[in-house]
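> with the input below, show me the fold.
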Amino acid sequence: MTKTLKIITLLPATFLLFSCGNKANPQNNMTANSPFSNQTVIKQYTVNSKISEVISDSDFGDYGRLIFPVNSGYYSGDTLGNLRLTWYNNINPAKTVEIINYMKYHAASGDKIFFDIYTEEEKAANPSKANTGLFFFKGKAGEKFAICNAGGGFAYVGAMQDSFPHALELSKMGYNTFALIYRPNSQTACEDLARAISFIFSHADELEIDTNGYSLLGGSAGARMVAWLGSYGTAAFGEKDLPSPSAVIMQYTGHTDYTKNDPPTYACVGENDWIANWQTMERRLKNMSAIGIPTEFHKYPNLGHGFGLGIGTSAEGWINDAVAFWERQIK
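The predicted model follows:
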């Protein structure tokens, strides 16, 4: 790929943002985890904001349609506060609002938060590739990267619960994190993930990232994707052979395959998950451990499928355990 990327730094805090044709008093608009400073003038999104308003926001351009599932039949609710996603539980409206306001602030400030992984020629030849790309949650310059992959039963991409929240939290820890929007089919999804890895490696300097010791995270169908890439590598899915991740982090999937070449793997699931049985997940990791692959497994009581970050549940804080596991593999 020859397209040049440009990462634009944040404008000063005194930069005035104008959104949706209205000015708002920032003192009345601040939320607990808002990216907006007290000197910023903006109409922020709230739990009452319409999803359609986000999708059509001019600061997001054409990729606004990819923030929520392209196939609208898999989500319901018309506001950020009442968003529901098929097969998912424990969606946290405050986190949804925080993510959208993070995106809004950076996009309006001139930062590039979305990258195409396919060229215009590739998308013209295969229009389904137009519904793909990487949302970028920037961490520290020169830090390692991770790619988060949402589930959705290979029918849609549930990023607002299963990859955006994870990516935002990892970026707060300093890691440069991407959330992949892929074509929801098991084969094409893995091809898109392989291309995403290739894209990031090819543009590492412009993205200001370290490609050594990266990690792949995934939930449900997304967990199957990261497991397959970990087992078989990028070359198996049509890309140049690239280094394997230093860690694979999986949530709630019944995936059972593994190879002797699998990376160190962390997995977690709710005990009441009727889609992904915790015993199946635990058994896979025990089998991997038996052949010398580092693993870590957690199950959480009173919790079903698709809990995401698990805010307010028995799983809250799991992502810190997962990052600690990843960091041990790097060291």
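
> for the record, mean pLDDT for the strand or helix carrying residue 229?
Secondary structure assigned from DSSP states H and E places residue 229 in helix 221-232. Averaging pLDDT along helix 221-232 gives 98.

> which SS state does residue 249 fall under?
At residue 249 the chain is in strand, as set by DSSP: H, G, I helix; E, B strand; the rest coil.

> renumber starting at 299 from here on
With 299 as the first residue, the last one maps to residue 547.

> my read: it touches residue 623, true?
Yes. With contact defined as CB atoms under 8 Å, residue 547 reaches residue 623; the gap is 7.4 Å. No exception for glycine: its C-beta is placed from N, CA and C like everyone else's.

> C-terminal to the least confident helix or strand in the chain by mean pLDDT, what's the next element?
Using mean pLDDT, DSSP states H and E, helix 324-327 stands out as the lowest-scoring helix or strand of the chain, at a mean of 31. Once the chain leaves helix 324-327, the next helix or strand it forms, by DSSP H and E, is helix 349-353.

> what ranges do the strands span in the stretch 499-629 of the chain?
Secondary structure of the stretch 499-629 of the chain (DSSP state E, counting those that start in this stretch): strands at 507-517, 545-549, 563-568, 593-598.

> export those as TSV, with columns for mean neighbour count and distance to residue 420.
What follows is the strands of the stretch 499-629 of the chain, written out as TSV (neighbours: other CB atoms under 10 Å; distance: least, CB to CB, whole Å):
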stretch	mean neighbour count	distance to residue 420
strand 507-517	23	23
strand 545-549	29	27
strand 563-568	27	32
strand 593-598	18	37
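
> residue 472 is nearest to which of the ones you listed?
Shortest distance between residue 472 and the strands of the stretch 499-629 of the chain, using CB to CB, is found for strand 507-517: 11.1 Å.

> give me the phi and psi for residue 462.
Backbone geometry at residue 462, expressed as degrees, to the nearest 10, gives phi -60, psi -50.

> quick check: which element contains the nearest residue to it once chain neighbours are set aside?
With sequence-adjacent residues excluded and distances taken as CB to CB, 6 or more residues apart in numbering, residue 462 is closest to residue 397, at 4.9 Å. Per DSSP H and E, residue 397 falls inside helix 391-406.

> which strands and helices sit next to that helix?
Packed against helix 391-406 by the contact rule (3 or more CB pairs under 8 Å, 6 or more residues apart in numbering; DSSP states H and E) you find helix 462-470.

> go through the helix it packs on and flag the buried ones.
By 16 or more other CB atoms under 10 Å, the buried positions in helix 462-470 come out as 462, 463, 464, 465, 466, 467, 468, 469.

> domains for this structure, by residue range?
As assigned by automatic domain parsing, the chain contains the domains 309-342, 412-628.

> nearest to residue 354, out of those domains?
Using CB to CB, the nearest of these to residue 354 is domain 309-342, at 10.3 Å.

> pretty sure residue 389 contacts residue 458?
Yes. Between residue 389 and residue 458 there is a contact under CB under 8 Å: 7.5 Å.

> overlap in contacts of the two?
Shared contacts of residue 389 and residue 458, defined by CB atoms under 8 Å, 6 or more residues apart in numbering, comprise 381, 383.

> neighbour count for those two, which is higher?
More crowded of residue 389 and residue 458, by other CB atoms under 10 Å: residue 458, with 25 against 22.

> quickly find the element holding that one.
Going by DSSP H and E, residue 458 is in helix 457-460.

> list of residues touching that helix?
Here helix 457-460 makes contact (CB under 8 Å, 6+ apart) with 365-367, 381, 383, 386, 389, 394, 397, 433, 446-450, 477, 479, 517-518, 520, 549, 604, 606.

> against residue 478, how distant is residue 489?
Distance of residue 489 to residue 478, given as CB to CB, to the nearest Å: 11 Å.

> compare the two (neighbour count), which wins?
residue 478 (27 against 20).

> what's the closest residue to residue 578 other than its chain neighbours sitting at in phi/psi?
The spatial neighbour of residue 578 that comes closest, neighbours along the chain excluded (CB to CB, 6+ apart), is residue 552 at 5.0 Å. Note on residue 552: backbone dihedrals following degrees, to the nearest 10 are phi -90, psi 20.

> OK, contacts around residue 552?
Counted by CB under 8 Å, 6+ apart, residue 552 has contacts 573, 574, 575, 578, 579.

> can you get me a residue count around the second one?
Same thing as residue 574. 23.

> again with the last one
Residue 579 has 25 neighbouring residues, counting by other CB under 10 Å.

> where are the low-confidence patches of the protein?
299-341 (pLDDT under 70).

> any idea how far residue 357 is from residue 432?
Taken as CB to CB, the span from residue 357 to residue 432 is 18 Å.

> ok, these two, which is more surrounded?
Per other CB under 10 Å, whichever of residue 357 and residue 432 has more neighbours is residue 432, with 24 against 16.

> the more buried one contacts residue 496, doesn't it?
No. At 11.5 Å, residue 432 does not count as touching residue 496 under the criterion of CB under 8 Å.

> give me the distance from stretch 585-592 to the chain's centre.
Chain-centre distance of stretch 585-592: 27 Å, with CA atoms, centre = their mean, to the nearest Å.
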